[in-house]
Structure formats: structure tokens, C-alpha cells
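Visitor: have a look at this prediction, sequence included:
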Amino acid sequence: MSGGSRPRRLLKGYCREERCFIFFHAFPLSDILPAAKQIPPIVSAPSPDSLPEQGKKVAMKYEELLSRSDDWLKYAIRLNLCHEPKECLEKERKAALSDSRIMGFLHDVADFHGAAITNHRDPDLPIHKLLFLLGLGFDADVPEIRTAADEIMKHREDSGIFQSLTNIPRHFGGTGEAAFSWCLCDAPLLLLALLKAGAEYREHIMRGVEYLASLCRQNGFPCAGSRELGRFRGPGRKEDPCPYATLIMADLLARIPEYRDGPAAAASAEALLSLWENSRERHPYLFHMGTDFRKLKAPSLWYDLLSVAAVLSRFPRVHADPRFKEMTGLIKSKGDEEGFFTPESVYLKLKAWDFGQKKTPSPYLTYLCLRILDRVGQGAGLQPAL
């Protein structure tokens, strides 16, 4: 789909039809073709009758966190940590959507391509705000999110990759003009956003994922982009992996059952763990894992400890890896006596949020840490307030 043609309607859930595309890959086809022909749900749904009571019991564990949280975060906690059914949280959802900061983010994502990308790390980028909202549990039922998804789907290459409006200066090897293009620092995020928004997998997502996955090498994902970016390439050796591209591709692949246990996901996870293990010596494309990397920072939109640990936590096979345990151990060590976490670094543009300061514990940062720790079985809940 390209140009101004209107995309088809978004549908929720994964398509379970048989796959029908074959593609070239850096690994043997026998290694990458999925063993099963269907795309199963990401998780098996518990019995509907058991969920409300289960949710109440889990909510007691997070009672202190809920008591300190704003409405927008209470909704996310009950949905994503307490695992209460979304249909039972309509009141909380309405309260969350009425928060002025959430409304501001929704306004911004609706104008998705309103300004060209000049810095992928900018927290003001609509894609980062969209992923933040989707991470809280909102989806395309929210009109502004649906509009953002529609805008994303208007700009799609024949390969299935969605494009962003980007401006790379000439002195960095770009054209110096804003143009719709893609690179591995943004294309995976657009596919991830559509996946989380409930876009129909086979029609809107599958071809783009196949193409991007085919770029994987034994050491992770390279710095790569479309021809519209001219001669642009990041400041590193061509044979090295781009840590950020590898991170966000791993995040995307981890959420798609047919790729989660495949070679591209395995190579990406190992690349991130290897960079952690050799953090003093290896800094490909100037991505370091030093002091700044190890500071707790929210939201997870760049290359830092929480972002990497959150992605790796989605791969059960790495939970027992000593390198990953070192990461989660470091995170746990930063919690206070009550189990809350205080930001050690912030995005100044987000100072209106509880995670935009470094003086007091942040409920949202605590929520992010608990999601990681609970996913890997290390979460002990929150201690009662003293």
C-alpha cells in the first residue's frame, strides 16, 4: 500500500491462516521456516470465570503501587500487572483517557507525520508517544490511535516496510531534504506499533517483518536503510551490528510466535548479551553500556538498561543466562526498601510526568521494573508502606 490510498480496516488479533511467502535470509531456509503453519496467540487465555478473582488477588500485591499512581497508570497496572480483563476496566480506561497528559500525547500521535525525524532519540517523536500509549494498554479503539495507524499505513514500500518522514543532513551522508524513507532505527517500531494496535498480521505486518528479518546476520542487525537516505550510514564499521536496530528488531520478533524461537531472534538476543558481557571493549556505532546506560530511565524508548532487559525478558531461553541475571540483579538492587524505583536519568521534555524527575520514587518506572521482574519470576511484589 502506498501513496494516499486508504488502508483496510484494522482488526484485532493474529491471523491464523497458513503462511504463503518465502524469502531470502542470511540463514539456511531449513532453519528459519516455522515448524507450525499457523500463527498461534501470543499467550493462552485463562478461563474467563477465573480472571476477576485472580485479578483481585494480584491487585492486593500491587495495592501500594496503585495508591501512588495516577489514573492513567492505574489502568495499566490493573491490565498488565494484575491481568484483569479489559472489559472489566472500562471505568478506569475512561479516567485514564481523560488525563491531560494522555490527551496531549493522543493529539500529537494523530498528526503522525507532522514533522520530519531528525533524531531518533527524541521523546517528542510521535512513534515514541504512540508506543508509550500502546504500552499502557490503549489500542485502535481510541480514535487518535486509529488515525495514527492509518497514517502509518499510507506510506508502505513494495517490500512491506512502512516509511517515516525523515531528514538526514548532507554532512551525515543524507540528502538534506525531508522524504519518506526507512532505516532499521525506525521501521521495526512502525511494525511493532501496528502489531500492538491490533492490525491484521497477514495483510499489514507479515511482509515487512519477513523483509527486515532477512537482513539479520550472525552478530545481529546491521545499520541499513532505504535508498532515499542516500549514502547515510551510522558512525561505525559496516560489519558491526547496530545495537539499537538489533534491540528493536528483537522486540518485534519476540512478539511474533513464528519468529520468537527462530535464528534471527536468537542472534539478536545473543548480540545484546554479548555486548553486555564485553561492554568495556565493544561499543559498535558509539552505543555504550557504561554508566549512563545503567541508569534507570523512563520511558523505554532508547538503548539503556531497562530497554534491553525488557526485550530480553521476552525470551524465556535467556532467563537463566548469567549475563541476563546480572542485568536483572542490577535492576533489583536499585529498588528502595518498599520496592519502588527512583529515576537516575530523565528526558527533560517529559518533566511533567512522575518519571521526569530524579528526587522521588516514580510509580511508572516502578511499573516498568516490575513488569520485567515478574516476567522472569523475580518479582516479589511491593512491601507495605512503613
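Guide: Alright, I've got the coordinates.

Visitor: just the element for the closest residue to residue 347 other than its chain neighbours, please.
Guide: By the measure of Cβ to Cβ, 6 or more residues apart in numbering, the closest residue to residue 347 outside its immediate chain neighbours is residue 123, 4.5 Å from it. Yep, even glycine has a C-beta here, placed from its N, CA and C like the rest. Assignment of secondary structure by DSSP states H and E places residue 123 within no helix or strand.

Visitor: ok, the residue nearest in space to the middle of the chain to residue 307 distance?
Guide: Centroid check for the chain by Cα atoms, centre = their mean gives residue 251 as the closest residue, at 5.8 Å. For residue 251, the distance to residue 307 equals 9 Å [Cβ to Cβ, to the nearest Å].

Visitor: try residue 95
Guide: Distance of residue 95 to residue 307, computed by Cβ to Cβ: 28 Å.

Visitor: residue ranges of the helices in the stretch 251-386 of the chain, please?
Guide: Counting by DSSP state H, counting those that start in this stretch, the stretch 251-386 of the chain has helices at residues 257-260, 263-277, 305-312, 322-333, 363-375.

Visitor: what's the last one packed up against?
Guide: Just to be clear, that refers to helix 363-375. Contact analysis of helix 363-375 by 3 or more Cβ pairs under 8 Å, 6 or more residues apart in numbering; DSSP states H and E lists helix 63-68, helix 71-76, helix 305-312, helix 322-333 as its packing neighbours.

Visitor: what sits up against the third one?
Guide: With Cβ atoms under 8 Å, 6 or more residues apart in numbering as the contact definition, helix 305-312 has outside contacts at 247, 250-251, 254, 269, 272-273, 276, 293-298, 300-301, 318, 324, 327-328, 330-331, 368-369, 371-372.

Visitor: what angle separates that helix from helix 322-333?
Guide: 130 degrees (axes from the mean of the first three to the mean of the last three Cα atoms, to 10 degrees).

Visitor: higher neighbour count, residue 95 and residue 307?
Guide: Neighbour count, other Cβ atoms under 10 Å: between residue 95 and residue 307, residue 307 has more, with 21 against 16.

Visitor: before we move on, the earlier item: does the residue nearest to residue 347 touch residue 351 like I think?
Guide: No: proximity of residue 123 to residue 351 does not meet the contact threshold set by Cβ atoms under 8 Å, at 10.8 Å.

Visitor: so for these two, which sits in the more crowded spot?
Guide: Using other Cβ under 10 Å, the more surrounded residue of residue 123 and residue 351 is residue 123, with 16 against 10.

Visitor: measure residue 181 to residue 239 for me?
Guide: 23 Å.

Visitor: quick one, which of these two is more surrounded?
Guide: For residue 181 against residue 239, the residue with the higher neighbour count under other Cβ under 10 Å is residue 181, and the figures read 26 against 9.

Visitor: that one pairs with what?
Guide: For residue 181, the beta-bridge partners under DSSP bridges are residue 164.

Visitor: now residue 377. Nearest residue, chain neighbours left out?
Guide: Leaving aside its sequence neighbours, residue 377 sits nearest to residue 319 (Cβ to Cβ, 6+ apart; 7.4 Å).

Visitor: repeat that for residue 352.
Guide: Sequence neighbours aside, residue 101 is the residue nearest to residue 352 in space, at 6.0 Å (criterion: Cβ to Cβ, 6+ apart).

Visitor: I'd assumed residue 354 was in contact with that neighbour.
Guide: No: Residue 101 sits out of contact with residue 354 when judged by Cβ under 8 Å, with a separation of 10.2 Å.

Visitor: neighbour count winner among the two?
Guide: More crowded of residue 101 and residue 354, by other Cβ under 10 Å: residue 354, with 19 against 12.

Visitor: tell me how far the more buried one lies from residue 301.
Guide: Using Cβ to Cβ, which is the criterion applied here, residue 354 is 16 Å from residue 301.
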